[in-house]
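Q: Quick one: sequence plus predicted model below, questions after.
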Amino acid sequence: MDAVNEWLRLIGDGLVHALAQPFYYLALFVIAVIYIRGTNMERKLFHVRLHAWPLLFGRTIAAGLAAGLLLSGLSVLLGTSLTTDAVLWLWGTAVVLALLRLRYLCFAYAAGVLALLQWVLQFGTLEKRGDWIGDVAASLLAVDMPSVLLLVALLHGAEALLVWRQGSKFATPLFMEGKRGKLIGAYRLQGYWAVPLLLLVPAGSGGIELPWTPLLPLISGEYTDGGAVGWSFAAVPMMIGFTEWTRSQLPEHKAKQTAKSLLWYSLAVAAAALAAAWLPALLPLAALAALLLHELLIWSSGRRESEGTPLFVHDGRGLMVLGIVPGTPAAQMGLQSGEILYKVNGMRVRSKEELYDALHRNSAFCKLEVLNREGHERFVQRARYAGEHHQLGVILAPDDRADYYVEPAPGSLLKLLFSGRTAHRREAGYGHGGGTAAMEQAAALAQSMGGNEHAAASESAVPVEALRNADSPLSVEAADRDTTADALAGDSGPALPSRSRRK
């Protein structure tokens, strides 16, 4: 009974320590900023919110806590241990690297760099100096790098599971520029999780004895007394996340593909970490594996996208659906991204103008003939009501009259916190008057709805100024002004029946 009480006391102390850790709140702050700016970006692009950032934030907190509980159990069983100095080294290096590129905030890079630095320090005598340089070198040499690398592998395994289950829920439709300068539809998948961990910390004779033999100390030869070593628990806040872009796959398929790649990376780094624990001379190879394999994941994903055929483009069959605004008629009718609007109210549609004309044929009802993702035809229909989305809530793939687009580019942590993104207009000759049409439609909406809608229409008339305060950790080159009409609520056409008159 005393042993159980001691375990509970140490775990409780670790949890209290976790609440006092500034790094966990730093991770939550960065995640909140990313989601808030992502929601603001959606408003700038489509004048409507596709994701509610508080919902995303709450979902990531809950999933991060669940992942932390799972990883803490695995880490204790495996014997992964970190000291306070190791946590400071890991977070400090990650933050410094994030100042260069935000994606370097991933702890795979920090662990790889630290492992290589530790290996280099072993060939010198800096730790024997009596000044602060010697103290820093001695602190780094004391870090258990195989444990750090194994922890990185476990984090990426948890990330693979989270991406598999939640990755597609963080997908945002965007407009991007294709190889020949033509705009195409695309998706950005971006999710982050703060993961608090309870890890073992060597405590000598003052800690508890484990009733099992931890794997990592056993492999390294540090655990030879069958449990005589004392251990305690320490809270280690971590942060995991991913950002992917796809223009050739559905976001659901891209998320599954990314999850599989992360799982294989996790297994490879775990094997390298265990090998380095068994034979310390293999530490530089394990560090290079953590770094280079992660870069290989990014390179291979980018190459698949560059070689793939763009999916979200219009063709002769009809209008390609890029996204669906939640809570709109399109969502209620079950329309999905990747489907094609073939006929609307019996009329073939190949442009936005034809779609508007077809919808205005019957202001109280709409019947759609849709080609699903497999190319099969299906029929959906629904009554229309006053105040509903003028385009049923469908976000279409861009056409040749789009004035603005989004371009993925590396961003730094400073750019995320202070500048966000930059906006650039397409070259003259690409627009073909699309912006004028959008402003006219926005003005018509403002006249019919007034108030807040008028403010939204006025904002859409100057998209360069509206988009100048960017809000993505990646470099963004703004949105299609034509989507002003695609995303504003309301209807500039004939009056529709009220819901109160529904039979």
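A: Yes, it's here. Numbering: from 1, shown residues only.
Q: so where is the chain shaky, pLDDT-wise?
A: 1-4, 6-7, 10-11, 14, 18-19, 202-214, 217-218, 220-231, 402-405, 407-503 (pLDDT under 70).
Q: now the strands for the stretch 101-250 of the chain?
A: Under the criterion DSSP state E, counting those that start in this stretch, the stretch 101-250 of the chain contains strands at 171-177, 183-202, 231-246.
Q: Show me how far the last one is from its chain's centre.
A: Just to be clear, that refers to strand 231-246. What separates the centre of strand 231-246 from the centre of its chain is 14 Å, taken as Cα atoms, centre = their mean, to the nearest Å.
Q: quick check: angle from that strand to strand 171-177?
A: 40 degrees (axes from the mean of the first three to the mean of the last three Cα atoms, to 10 degrees).
Q: For this structure, which segments count as strands?
A: With DSSP state E as the definition, the chain shows strands at residue ranges 171-177, 183-202, 231-246, 319-324, 340-344, 347-348, 365-371, 377-383, 394-396.
Q: Ser81 bridge partners, please.
A: Leu200 (DSSP bridges).
Q: Scan the chain for its longest helix.
A: In the chain, with assignment by DSSP state H, the single longest helix is helix 251-278.
Q: Next, the angle strand 231-246 makes with that one.
A: Using the same axes, to 10 degrees: helix 251-278 against strand 231-246 is 140 degrees.
Q: Can you mark which positions in helix 251-278 are buried?
A: 251-252, 254-259, 261-263, 265-266, 268-270, 272-277 (16 or more other Cβ atoms under 10 Å). (C-beta placed from N, C-alpha, C; glycine too.)
Q: For Leu154, which residues are in contact?
A: Residues in contact with Leu154 (Cβ atoms under 8 Å, 6 or more residues apart in numbering) are 71, 74-75, 80, 266, 270.
Q: same check, this time on Ala186
A: For Ala186, the contact set (Cβ under 8 Å, 6+ apart) comprises 173-176, 245-247, 312, 406.
Q: let's go with 7 Å and repeat that
A: Contacts for Ala186 (Cβ atoms under 7 Å, 6 or more residues apart in numbering) come out as 174, 176, 245-247, 312.
Q: so which two of the residues you listed are the farthest from each other?
A: Trp245 and Phe312 (12.2 Å; Cβ to Cβ).
Q: what about the two, which has more around it?
A: Higher neighbour count among Trp245 and Phe312: Phe312, with 26 against 19, using other Cβ atoms under 10 Å.
Q: from memory that one sits against Leu322, does it?
A: Yes: at 5.0 Å, Phe312 counts as touching Leu322 under the criterion of Cβ atoms under 7 Å.
Q: Overlap in contacts, the two.
A: 185, 397.
Q: returning to what we had before: could you export the strands of the stretch 101-250 of the chain as a markdown table, including distance to Tyr356?
A: What follows is those, written out as a markdown table (distance: least, Cβ to Cβ, whole Å):
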| stretch | distance to Tyr356 |
| --- | --- |
| strand 171-177 | 20 |
| strand 183-202 | 20 |
| strand 231-246 | 29 |
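Q: So for the residue most central in space within the chain, what's the nearest residue that isn't a sequence neighbour?
A: Residue closest to the average C-alpha location in the chain (Cα atoms, centre = their mean): Gln190, at 1.4 Å. Of all residues not flanking Gln190 in the chain, Thr243 sits nearest, at 4.6 Å (Cβ to Cβ, 6 or more residues apart in numbering).
Q: Share the number of residues neighbouring the one you found, please.
A: When neighbours are defined as other Cβ under 10 Å, Thr243 has 20 of them.
Q: you'd agree it is up against Tyr187?
A: No: contact criterion Cβ under 7 Å: Thr243 and Tyr187 do not qualify, at 11.5 Å.
Q: Residues in contact with both of those two, list them for me.
A: By Cβ under 7 Å, 6+ apart, no residue touches both Thr243 and Tyr187.
Q: Show the contacting residues for Thr83.
A: Val201.
Q: ok, it to Leu279 distance?
A: Counting by Cβ to Cβ, to the nearest Å, the gap from Thr83 to Leu279 is 22 Å.
Q: now do Gly112
A: 18 Å.
Q: okay, the two: which has more neighbours?
A: Of the pair Gly112 and Leu279, Gly112 is the one with more neighbours under other Cβ under 10 Å, namely 27 against 12.
Q: list the contacts for that one?
A: 287, 290-291.
Q: From Phe242, how far off is the residue nearest to the centre of the chain?
A: Distance from Gln190 to Phe242, by Cβ to Cβ: 7 Å.
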